[in-house]
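K.L.:
model the following, please.
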Amino acid sequence: MNSLEGMERAQPPEDTFLKIQQTISNRKVKDRKQWMSIAATIALIICTNIYVVSDYFNGSSTTSETTSSYTPVVSNFNIYANEQ
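P.N.:
Numbers count the residues shown, from 1 in each chain. Below is the predicted model of the structure:
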């Protein structure tokens with residue numbers, strides 16, 4: 001029962017607090033770069049959407065008729081011509 005007698009308290013390494021602070025500061029730099037890239041992507045998507053919508057509304061008032069230049073290859077679709 002007296003096996004805990006004489007035990008000392010564990011001591012952390014001396015540079016542990018410095019390592020933790022460096023990890024936190026490195027993470028902040030990475031987070032800023034990541035957020036800037038996310039913000040740039042969102043801005044690009046919004047600008048593209050605005051351009052497409054404005055182009056759609058400007059182009060919808062000028063509709064043009066499409067003429068078909070399709071010439072039929074087969075004019076008789078009777079597959080069973082010989083059977084009556």
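
K.L.:
what about T48, which helix or strand?
P.N.:
Per DSSP states H and E, T48 falls inside helix 16-59.

K.L.:
what helices and strands are in contact with that helix?
P.N.:
Here helix 16-59 touches no other helix or strand, going by 3 or more C-beta pairs under 8 Å, 6 or more residues apart in numbering; DSSP states H and E. For the C-beta atoms, the positions are set from N, CA and C on the backbone; glycine is no exception.

K.L.:
now that helix, how far from the chain's geometric center?
P.N.:
Its chain's C-alpha centre and that of helix 16-59 lie 11 Å apart, by C-alpha atoms, centre = their mean, to the nearest Å.

K.L.:
avg pLDDT for it?
P.N.:
Throughout helix 16-59, pLDDT has a mean value of 88.

K.L.:
how much space between the spatially most central residue of the chain and S3?
P.N.:
Nearest to the mean C-alpha position of the chain, counting by C-alpha atoms, centre = their mean, stands T41 at 8.2 Å. Distance, T41 to S3, by C-beta to C-beta, to the nearest Å: 60 Å.

K.L.:
what do you get for D31?
P.N.:
47 Å.

K.L.:
which of these two has more neighbours?
P.N.:
Using other C-beta atoms under 10 Å as the criterion, D31 and S3 rank with D31 on top: 10 against 6.

K.L.:
which residues does the more buried one contact?
P.N.:
By C-beta atoms under 8 Å, 6 or more residues apart in numbering, no residues touch D31.
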